[in-house]
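>>> What follows is a predicted structure for the sequence shown.
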Amino acid sequence: MTPTRPVWESLPVGVEADEHAVIVTADGTYTPSGRELTGPVDSVEKLDKLVRWAALKPLGTPPQVWIVNQGACEALGWVIDPGDEDDFKDTEALRTRAAADLTAVLQATLTPMLNAGWELRGDPGHVVHLSRTIGKFTSMVDVVLEPYMWTYWNKDFGWNNRLGEMGILGSPTAGTYLPDEDLPAARELGRRLAWCAKHLGVLPGPTPARTGAAIVDKSKRERTRTGKGLVVATAGPVPPLDGAPRGDLEPAAGWTRMPDAQDLDGTSRLVSIDQRAAYLASAGMLEFGYGKPTHLTGGAAAAAAVGDKGAPFGLWRITLPPGQSLSLPEKLPLPHPHMLTDQPVQTWVTTVSLDGLREPVADGGIGADLDDLDIAEAWVFPEQGRVLDKWAKILREARKVSVDTGDAATKLFVGSCYKGYIGRMVNPDMWTATRMQHHHQPVWRAAIIAHCRWRGRRVAMRIAREHGRWPIRTVTDSWVYLLADGEDLADESAALGKMSVEKDTPLTEPLQLALASAEDVHEVKLTITAAFAEDDFADDDFEADEENTDDGEGVL
């Protein structure tokens, strides 16, 4: 049977990126829409002439020159031989060596461009950042080396020694990487660049997280120019917390229980449901705080949580009661990850969790009054609003275009943009440049994670009421159930944040036996993971991937 071309290779190519990017192959140069510009670029001097002649304009990021496939790199003298993969026990060691070799080769060969007035911004690698100043005007361009993208391997591009999604280029593992041949690869890359320009309003950044940041900044510039909409221009670091929790302020859900006979009786499927684009949905819904927060203690802190519109955005030091003192469902995790079964816990939470704990048990909370939570301290932000609403709208609408056209490559990329950006909010080292520091918003990220967690718990309570089913595992925003044939727990709505079927696998006799005979929750977890393993890339937002990007580690 002849394999069919992926849908995305047949989608139309627009002209939206033509003034902003150029694609170079071994045989010639092209606009993203496919118009041929020049012959081969077989020297760094010709690359310099091409960049100056093209006079490309920025679009959210500096303009880009994409060097596609190995032949185009070889023509420029950009060849490395880091060794054979089989000679390395750790693939990361191969990547590290290759990255160092690439930097050395580029530094040795870029002299003609440097002599022509260009300056390097940082060490050259899979992206060569160049700038050139004439008078008071500085022009910038990024030269992207597609064959060497794999040498940049952080948690945007790979995970646990596995080559993952490489930004706009796609994922070799998921089958969305560019075609092998020069012209088809150039055409498909051009299509994706034009798609980004049209639907995201920016060129793709060097990582998905940077693309997410570029969309924020474009919206910020528009709001500053028009005077309409909220603009946040400063970082929002976590204030100095007395007794700060170890790890995440608001941990994502992660829980497994032993299934009992009632769970297994009459069931025939193992099904995972998850919130569709969960983090993106929450980012668009929430009001985030900004400005310099005020520190309150004692009665003043407790009083600040009382307001006509509920508690303002902030961090609150509360006491979580012991789980066993509450009338909580046995087949769900405790309402907050910091809560313990047998003793009270004093901890810090965001306003999202403060509100969630006050909800009735039937809606996922514990039915607490503010007095029950014993607010001892707070950091309250002076301003708040839906700062990321425009950002979320752009990504939401772009994602819908991808879904409607069957464009798996851009759909995965959009997911990586919002997951990567929200994940990178946590670490100030990601945003050291003065013009980027406002992206450091760890309390926003904590609120988004908390919002997804509480929303999922509320849904789990509804499912228990309406279907009599309880989950056996939850990871981030995914809930795993044992169901009978014909049972459907998904929401009818296609809106973001609603529950959709993520994975659905038959409950075979060996699988049922493994679940029934598991000696502890770790065995249950391993059994579920193995059962779903074949579907790792089967559906859109396997948001367990969100775990792999949202802790903010790695390098941008």
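Here it is on my side, so go on. Numbers count the residues shown, from 1 in each chain.
>>> Is the residue most central in space within the chain within a helix or a strand, and which one?
For the chain, the residue nearest the mean C-alpha position is K419 (1.3 Å; C-alpha atoms, centre = their mean). Remark: K419 resides in helix 408-424, with elements defined by DSSP states H and E.
>>> Mind giving me the packing neighbours of that helix?
On a contact count with 3 or more C-beta pairs under 8 Å, 6 or more residues apart in numbering; DSSP states H and E, helix 408-424 meets helix 182-199, helix 208-226, helix 278-285, helix 389-405, helix 442-467, helix 544-547. Where you see a C-beta, it was placed from the backbone N, CA and C, and this is true even at glycine.
>>> List the buried residues in the fourth one.
Read it as helix 389-405. D389, K390, W391, A392, I394, L395, R396, A398, R399, S402, V403 (16 or more other C-beta atoms under 10 Å).
>>> Outside of that helix itself, list whatever touches it.
Contacts with helix 389-405, where a contact means C-beta atoms under 8 Å, 6 or more residues apart in numbering, come from 7, 11, 199-201, 212, 215-216, 219, 223, 229, 277, 280-281, 283-284, 407-408, 410-411, 414-415, 417-418, 496, 540.
>>> The one helix or strand Q262 maps to - what's its average pLDDT?
Assigned by DSSP H and E, Q262 belongs to helix 261-264. For helix 261-264, mean pLDDT rounds to 94.
>>> helices or strands up against that helix?
helix 509-517.
>>> if we can go back for a sec, ok, so of the buried residues of helix 389-405, who is nearest G170?
Taking C-beta to C-beta as the measure, G170 lies nearest S402 of the buried residues of helix 389-405, at 12.5 Å.
>>> what about the closest one, distance to A518?
39 Å (C-beta to C-beta, to the nearest Å).
>>> do the same with L203
49 Å.
>>> residue ranges with poor pLDDT in the stretch 451-556 of the chain?
Per-residue confidence for the stretch 451-556 of the chain (pLDDT under 70) gives these ranges: 534-556.
>>> Please list all residues in contact with P471.
Per C-beta under 8 Å, 6+ apart, neighbours of P471: K331, L332, A460, W479, V480, Y481.
>>> pretty sure T319 contacts L340?
No - contact criterion C-beta atoms under 8 Å: T319 and L340 do not qualify, at 11.4 Å.
>>> Same question for the helix holding Q262: list its buried residues.
D263.
>>> before we move on, what about stretch 191-207?
191-197, 199-207.
>>> what mean pLDDT does that stretch have?
Stretch 191-207 comes out at a mean pLDDT of 96.
>>> right, and A514 touches K525 too?
No - A514 is beyond contact range of K525, at 11.6 Å (criterion: C-beta under 8 Å).
>>> on that earlier part again, pull out the buried residues from the contacts of helix 389-405.
When the contacts of helix 389-405 are checked against 16+ other C-beta under 10 Å, the ones flagged as buried are 11, 199-201, 212, 215-216, 219, 223, 277, 280-281, 283-284, 407-408, 410-411, 414-415, 417-418, 496, 540.
>>> quick one on the thing from earlier: okay, and which of the contacts of P471 map to strands?
Using DSSP state E, the subset of the contacts of P471 located in strands is W479, V480, Y481.
>>> By neighbour count, which of the residues you listed wins?
Within the ones in strands among the contacts of P471, neighbour counts (other C-beta atoms under 10 Å) peak at W479, which reaches 28 neighbours.
>>> Leaving out chain neighbours, which residue sits closest to that residue?
P471 (4.4 Å; C-beta to C-beta, 6 or more residues apart in numbering).
>>> ok, now how distant is that neighbour from D263?
Relative to D263, and taking C-beta to C-beta, P471 is found at 9 Å.
>>> K525 now?
In terms of C-beta to C-beta, K525 sits 15 Å off from D263.
>>> Kindly report the same for G170.
Using C-beta to C-beta, one gets 39 Å for the distance from G170 to D263.
>>> now do L241
L241 is 40 Å from D263, by C-beta to C-beta.
>>> same question, D371
In terms of C-beta to C-beta, D371 sits 37 Å off from D263.
>>> burial count for E492?
8.
>>> Return the closest of the buried residues of helix 389-405 with respect to E45.
A398 (38.6 Å).
>>> Who's the closest spatial neighbour of the closest one, skipping the chain neighbours?
H199 (4.0 Å).
>>> now P293
In space, P293 is closest to W379, 4.3 Å off (C-beta to C-beta, 6+ apart).
>>> Please enumerate the strands of the stretch 251-400 of the chain.
254-256, 269-275, 288-290, 294-297, 314-320, 345-350, 377-380, 383-385 (DSSP state E, counting those that start in this stretch).
>>> Now do the second one: which elements does it pack against?
Packing contacts for strand 269-275, counted by 3+ C-beta pairs under 8 Å, 6+ apart, involve helix 442-467, strand 478-483, strand 499-506, helix 521-532.
>>> do you know which of these lies nearest A186?
strand 499-506 (34.6 Å).
>>> Lowest mean pLDDT among the helices and strands of the protein, which one is it?
Least confident helix or strand of the chain, by mean pLDDT, DSSP states H and E, is helix 544-547 with a mean of 35.
>>> how many neighbours does the residue lying closest to L370 once chain neighbours are set aside have?
Sequence neighbours aside, A305 is the residue nearest to L370 in space, at 5.5 Å (criterion: C-beta to C-beta, 6+ apart). Using other C-beta under 10 Å, A305 is surrounded by 22 other residues.
>>> got the contact list for A305?
Counting by C-beta under 8 Å, 6+ apart, A305 touches A311, W316, L354, L370, I375, A378.
>>> from the residues you listed, which single one is nearest P344?
I375 (13.8 Å).
>>> so that closest one makes contact with A302?
Yes - with contacts counted by C-beta under 8 Å, I375 reaches A302, the gap being 4.4 Å.
>>> higher neighbour count, the two?
I375 (24 against 20).
>>> what's the pLDDT at the more buried one?
97.
>>> now P245
If you check P245, the pLDDT there is 86.
>>> circling back to that earlier point, would you format the helices and strands packed on helix 408-424 as CSV with distance to G77 included?
Compiled in CSV, the helices and strands packed on helix 408-424 are given as follows (distance: least, C-beta to C-beta, whole Å):
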stretch, distance to G77
helix 182-199, 18
helix 208-226, 28
helix 278-285, 42
helix 389-405, 38
helix 442-467, 43
helix 544-547, 37
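>>> And these: which comes nearest T434?
That would be helix 208-226 among the helices and strands packed on helix 408-424, by C-beta to C-beta, at 12.9 Å.
>>> List of residues touching the closest one?
Residues contacting helix 208-226 (C-beta under 8 Å, 6+ apart): 60-61, 156, 165, 167-168, 196, 200-205, 229-233, 388, 390-391, 394-395, 413, 416-424, 430, 436, 438-439, 549, 556.
>>> What of stretch 230-242?
220, 223-224, 244, 249, 288-291, 293, 295, 315, 317, 348, 377, 379, 381, 385-387, 428, 431, 437-444.
>>> Pull out the buried residues from stretch 314-327.
For stretch 314-327, the neighbour count (16+ other C-beta under 10 Å) marks G314, L315, W316, R317, I318, L320, P321, G323 as buried.
>>> Just the closest of those to I273, please.
Distances from I273 to the buried residues of stretch 314-327, taken by C-beta to C-beta, are shortest for G323, at 24.7 Å.
>>> you'd agree that closest one is up against P337?
No - counting by C-beta under 8 Å, P337 is not a contact partner of G323; they are 11.6 Å apart.
>>> Enumerate every residue touching W479.
W479 makes contact with S272, I273, D274, G456, V459, A460, P471, R473, M499, according to C-beta under 8 Å, 6+ apart.
>>> quick one: it from P329, how far?
13 Å.
>>> And K218, by the same measure?
Counting by C-beta to C-beta, the gap from K218 to P329 is 45 Å.
>>> Repeat that for A108.
A108 is 65 Å from P329, by C-beta to C-beta.
>>> Please say which of the two ends up with more neighbours.
Each of A108 and P329 has its neighbours counted (other C-beta under 10 Å); P329 has more, 15 against 9.
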